[in-house]
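[1] Just the structure for this:
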Amino acid sequence: MNLSNLSKHKKLALSILFDAIGMVTLLDIIWAPISGYLMANMYKGTKGKVAGVISFIEEALPGFDFIPTFTLMWLYTYVIKKESNEVQPIKVRSNN
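    Numbers count the residues shown, from 1 in each chain. A predicted model of the protein is given here:
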């Protein structure tokens, strides 16, 4: 399952869904590793791995389920850092 290639809008929808699952899940011991895996899979590189660990810890600790970790990571990636996973056109300079 490769979630990193999804559009930013699909990632936002999944982020909200995963946060909702995390908030209502009573079996955090099962959801915590799944949450960490999904987060690391949604975002490439070091930031995805760090976010995966944070998501795992947040879900594993009792009382922290209210934190929308997936949505916060989406905001960090696409609003604060303004990353785009869409193909950008190449600008060609003419020598005229």
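[2] Just the pLDDT at the closest residue to residue 64 other than its chain neighbours, thanks.
    Nearest residue to residue 64, sequence neighbours excluded (C-beta to C-beta, 6 or more residues apart in numbering): residue 58, at 4.9 Å. All C-beta spots, glycine's among them, are computed from the backbone N, C-alpha and C. Residue 58 carries a pLDDT value of 93.
[3] Provide the contact partners of the helix or strand hosting residue 58 at residue level.
    Element membership of residue 58, judged by DSSP states H and E, is helix 45-60. Helix 45-60 is touched from outside by 4, 22, 25, 28-29, 31-33, 35-43, 64-65, 67, 69-70, 73, 77, with contacts defined as C-beta atoms under 8 Å, 6 or more residues apart in numbering.
[4] in the protein, which spans are helices?
    Secondary structure of the chain by DSSP state H: the helices cover 8-24, 28-42, 45-60, 69-75.
[5] which of those sits most buried?
    Greatest average neighbour count among these goes to helix 69-75 (a mean of 20), per mean count of other C-beta atoms under 10 Å.
[6] I'd like the average pLDDT over that helix.
    Regarding helix 69-75, the rounded mean pLDDT is 96.
[7] Which elements pack onto it?
    Contact partners of helix 69-75 among helices and strands, from 3 or more C-beta pairs under 8 Å, 6 or more residues apart in numbering; DSSP states H and E: helix 8-24, helix 28-42, helix 45-60.
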